[in-house]
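*Asks:* Following is a predicted model, sequence given first.
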Amino acid sequence: MAMDDIEICEENFIHEDCLAKVREGLPDEEEIYDLAELFKVFGDSTRMRILFVLCQSQLCVCDLAQALQMNQSAISHQLKILKQARLVTSRREGKSVFYSLADDHVRSIIDQGREHIEE
């Protein structure tokens, strides 16, 4: 989109009533930063593939690697990031570690993202 495609106001008039309402509803800078960091995690296609697989079923690292045709080391690296972002959880069962989505919010974020790009 070229800069001349962006419409701007013809006069510089500040709508103080609207600004006051906006300022009241803004989260603090720390919350905005945390939210931006969360969305960065969703910005990687490998992590998105892992999340899509985990939407279907909880799986161990071996199964995830097989499903995505990747090596376990690469999967583990991405799972660490997803776990730090509290998007996945893990549980040990014998010698296997199973991963699943942390909660239904993760599925909702993914579903809403898909709806948005399909509009």
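*Replies:* Looks like it came in fine. Residues are numbered from 1 along each chain as shown.
*Asks:* Tell me how far the longest helix along the chain lies from the chain's centre.
*Replies:* Criterion DSSP state H: the longest helix present in the chain is helix 104-118. The chain centre lies 9 Å from the centre of helix 104-118; the measure is C-alpha atoms, centre = their mean, to the nearest Å.
*Asks:* Report all helices and strands that that helix contacts.
*Replies:* Where contact means 3 or more C-beta pairs under 8 Å, 6 or more residues apart in numbering; DSSP states H and E, helix 104-118 is packed against helix 45-56. (Glycine included, C-beta is placed from N, CA and C.)
*Asks:* send the alpha carbons of the helix it packs on over as PDB?
*Replies:* Extracted C-alpha coordinates of helix 45-56, given in PDB (Å, rounded to 0.1, in the frame of the first residue of the first chain):
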ATOM      1  CA  SER A  45       5.400 -21.700  11.500                       C
ATOM      2  CA  THR A  46       7.100 -24.700  13.200                       C
ATOM      3  CA  ARG A  47       5.500 -23.800  16.500                       C
ATOM      4  CA  MET A  48       2.200 -23.300  14.800                       C
ATOM      5  CA  ARG A  49       2.500 -26.800  13.300                       C
ATOM      6  CA  ILE A  50       3.200 -28.200  16.700                       C
ATOM      7  CA  LEU A  51       0.200 -26.500  18.200                       C
ATOM      8  CA  PHE A  52      -2.000 -27.700  15.400                       C
ATOM      9  CA  VAL A  53      -0.900 -31.300  16.000                       C
ATOM     10  CA  LEU A  54      -1.500 -30.900  19.800                       C
ATOM     11  CA  CYS A  55      -5.000 -29.600  19.000                       C
ATOM     12  CA  GLN A  56      -5.700 -33.100  17.800                       C
END
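*Asks:* residue ranges for the strands of this structure, please.
*Replies:* Applying DSSP state E to the chain gives strands spanning 59-60, 88-93, 96-101.
*Asks:* of those strands, which approaches residue 44 most closely?
*Replies:* Closest of these to residue 44 is strand 88-93, at 13.6 Å (criterion: C-beta to C-beta).
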